[in-house]
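Q: Give me the fold of what follows.
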Amino acid sequence: MTASNRTIDRSDILPMGEYEKIRKQNKQKLLAIKKDRRISVGPHATFYFENYDTMWSQIHEMLFIEKGGEEQIADELSAYNPLIPKGDELIATFMLEIDDPVQRDKILHQLGHIEETIYLSINGEKTIAVPEQEVERTTEAGKTSAIHFLHFPLTSTQKVALLSNESELVLGIEHKNYGHMARVSDTSRVSLSSDIEI
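A: Numbering: from 1, shown residues only. The predicted model follows:
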């Protein structure tokens with residue numbers, strides 16, 4: 001299992017008995033990986049940048065918990081393989097994390113279509129996030145979902161810059177009710193650079 005892999009195949013799926021033996025160890029390994037791939041923007045928004053390792057673990061956790069057998073394996077591979085970067089983009093699970101349910105409902109109603117206002121700037125060159133289109137994430141009443149899946153397509157220039165120690169990365173949201181940005185740390189940049197190929 002390595003972050004340089006781009007696709008999870010059926011042969012990568014462990015029998016659940018074997019996965020159970022390494023589950024605790026894998027969770028510890030994943031904590032270290034996720035630490036550098038988690039970026040907060042403002043008080044409620046968090047981006048979890050995905051890769052082979054995070055999706056491999058997610059699939060195995062779903063299989064371990066739901067015990068759906070061979071049919072579930074095919075469904076999970078179909079659902080999560082599109083969230084592994086293939087070398088020309090970064091992919092993030094974007095979450096609006098608000099503990100209080102009343103406050104959460106109120107804020108989500110104020111943030112309709114927030115997924116269309118997100119960008120990543122690399123040395124001042126912006127790439128606009130492209131949301132997954134499998135379902136509409138904002139209701140007719142203007143309430144957004146708490147979870148979104150975003151693709152950040154990168155130009156050749158941006159990919160080269162991502163690999164440079166001199167580059168500056170900024171993750172931002174330009175929604176009228178949620179305007180925030182955050183500088184991406186050097187450790188996070190290095191982790192994200194493993195998702196691309198020149």
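Q: Bridged to the most centrally placed residue in the chain, which residues?
A: The C-alpha lying nearest the average C-alpha coordinate of the chain belongs to A92 (C-alpha atoms, centre = their mean; 2.1 Å). Going by DSSP bridges, A92 is paired in beta bridges with F49, L150.
Q: Quick check: what element follows the helix ranked longest in the chain along the chain?
A: The longest helix of the chain (DSSP state H) is helix 16-35. Heading C-terminal from helix 16-35, the first helix or strand you meet, by DSSP states H and E, is strand 38-41.
Q: Buried by neighbour count: which residues of stretch 79-96 qualify?
A: Residues of stretch 79-96 classed as buried under the neighbour-count rule (16 or more other C-beta atoms under 10 Å) are 80-81, 83-85, 88-96. The C-beta positions use only the backbone N, C-alpha and C, and glycine is treated the same way.
Q: among these, which are in helices?
A: Short answer: the buried residues of stretch 79-96 in helices (DSSP H) are Y80.
Q: among the buried residues of stretch 79-96, which two are most distant?
A: Greatest spacing in the buried residues of stretch 79-96, by C-beta to C-beta: D88 and L96 (27.1 Å).
Q: Can you name the residues in contact with the helix or strand encompassing Q103?
A: Secondary structure assignment for Q103, by DSSP H and E: helix 101-110. Residues outside helix 101-110 that contact it (C-beta atoms under 8 Å, 6 or more residues apart in numbering): H44, L96, I98, A141, G142, K143, T144, S145, A146, N177, Y178.
Q: cool, stretch 127-142 as well?
A: Applying C-beta under 8 Å, 6+ apart, the contact partners of stretch 127-142 are 82, 92, 94, 109, 112-113, 115-116, 118-121, 144-145, 148-155, 158.
Q: Check stretch 144-161 too.
A: 47, 83, 88-98, 104, 108, 111-115, 118, 120, 122-123, 125, 127, 129-132, 137-138, 162, 167, 196-198.
Q: in it, what's buried?
A: Neighbour count says stretch 144-161 has T144, S145, A146, H148, F149, L150, H151, F152, L154, Q158, K159, A161 buried, by 16+ other C-beta under 10 Å.
Q: from the residues you listed, which is closest to Y19?
A: F149 (24.2 Å).
Q: How much space separates that closest one from D195?
A: 15 Å (C-beta to C-beta, to the nearest Å).
Q: re earlier: which other helices and strands does the longest helix of the chain contact?
A: With contacts defined as 3 or more C-beta pairs under 8 Å, 6 or more residues apart in numbering; DSSP states H and E, helix 16-35 has these neighbours: helix 52-66.
Q: Quick one: mean pLDDT for the helix it packs on?
A: For helix 52-66, the mean per-residue pLDDT is 96.
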